[in-house]
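A.B. asks: structure for this input, please:
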Amino acid sequence: MKISQILTVTLIALAFTACGKKMAESLSPETTKIDGNMGGYFELVEGSYPLSEHSSEFTFDIKRVDEDYADSYTKLGIGYEILDGKGNVLVRKNATLEDINPLSSHEFLSLREGEMGKVKIYLEGWPDKLSDAKTFRISINAREGEPDVVEPVAVAEDYDDDYTGPVADASNNWDSILDEYERYCDKIIPLYKKAMAGDMSAMTDYASAMEQAQRLSVKLQGAQSTLTPAQAQRLSRISAKLAQSVM
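C.D. replies: Sure thing, here's the model as predicted:
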């Protein structure tokens, strides 16, 4: 099963709890100006950007408007505000600096002046707080710095010299992520079954389950090319268990 399919299944398992509350269909920039220390180099592109019915993923376009900055950033933070039609802030996330994950997609940093690119974020409060959403604002902060050096873990003596796949190292934390994913599945499956049986008490666990699904979606992005064979097999097994339970 492809990672994109896995993430879809993960979020479908939560979609049943939306209780029919209609979410806004799209968001438009409240202003093309981007705040933060990268605001002088980029601007939002005007348009109507659709909100997904199946996940908190939200994608919009930005344009590079100034060429003069370094491209050696190792920390990045993307913040946003979601507003209703009266300008009231419904959801806010600060542009907190975090290490740039090599699995994340931040191609916009390499845009040249006049070029446009896409930025993908995951909206907090989805879908509950977005029914009245109309516009959004964006802030982007970045900082230069030397990336952390990760020393590889010694390879076991019985390692197969003919194996050409990925080798586990100190940066490979997929085992802990898979542990979290399996715990999430064990939690969401009975919650899903309770809701399908008409037990509305399942709604009490909705918010925390949704937040966990969003975190997992981010963590699992890019997993396909970095998992060891054993990890990939485990991921497929967990996902198949979830898919069989919610489909």
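A.B. asks: give the other helices and strands that the longest helix belonging to the chain contacts.
C.D. replies: The helix that spans the most residues within the chain, counting by DSSP state H, is helix 174-196. Helix 174-196 is packed against helix 3-15, helix 206-220, helix 229-246, with contacts defined by 3 or more C-beta pairs under 8 Å, 6 or more residues apart in numbering; DSSP states H and E. For every residue, glycine as well, the C-beta is placed using N, CA and C.
A.B. asks: hmm, try it at 6 Å
C.D. replies: Helix 174-196 sits against helix 206-220, helix 229-246, with contacts defined as 3 or more C-beta pairs under 6 Å, 6 or more residues apart in numbering; DSSP states H and E.
A.B. asks: could you give the angle of the last one to helix 174-196?
C.D. replies: Looking back up the chat, that one is helix 229-246. 0 degrees (axes from the mean of the first three to the mean of the last three C-alpha atoms, to 10 degrees).
A.B. asks: and helix 229-246, C-alpha only, in CSV?
C.D. replies: C-alpha atoms of helix 229-246 as CSV (Å, rounded to 0.1, in the frame of the first residue of the first chain):
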residue,chain,number,x,y,z
PRO,A,229,12.3,-3.7,4.4
ALA,A,230,11.2,-4.9,7.9
GLN,A,231,9.7,-1.4,8.7
ALA,A,232,7.9,-1.3,5.4
GLN,A,233,6.4,-4.7,6.0
ARG,A,234,5.3,-3.6,9.5
LEU,A,235,3.7,-0.4,8.1
SER,A,236,1.8,-2.3,5.5
ARG,A,237,0.5,-4.8,8.2
ILE,A,238,-0.7,-2.0,10.5
SER,A,239,-2.3,-0.1,7.6
ALA,A,240,-4.1,-3.2,6.4
LYS,A,241,-5.5,-3.8,9.8
LEU,A,242,-6.9,-0.2,9.9
ALA,A,243,-8.2,-0.4,6.4
GLN,A,244,-10.1,-3.6,7.0
SER,A,245,-11.7,-2.2,10.1
VAL,A,246,-12.9,1.1,8.7
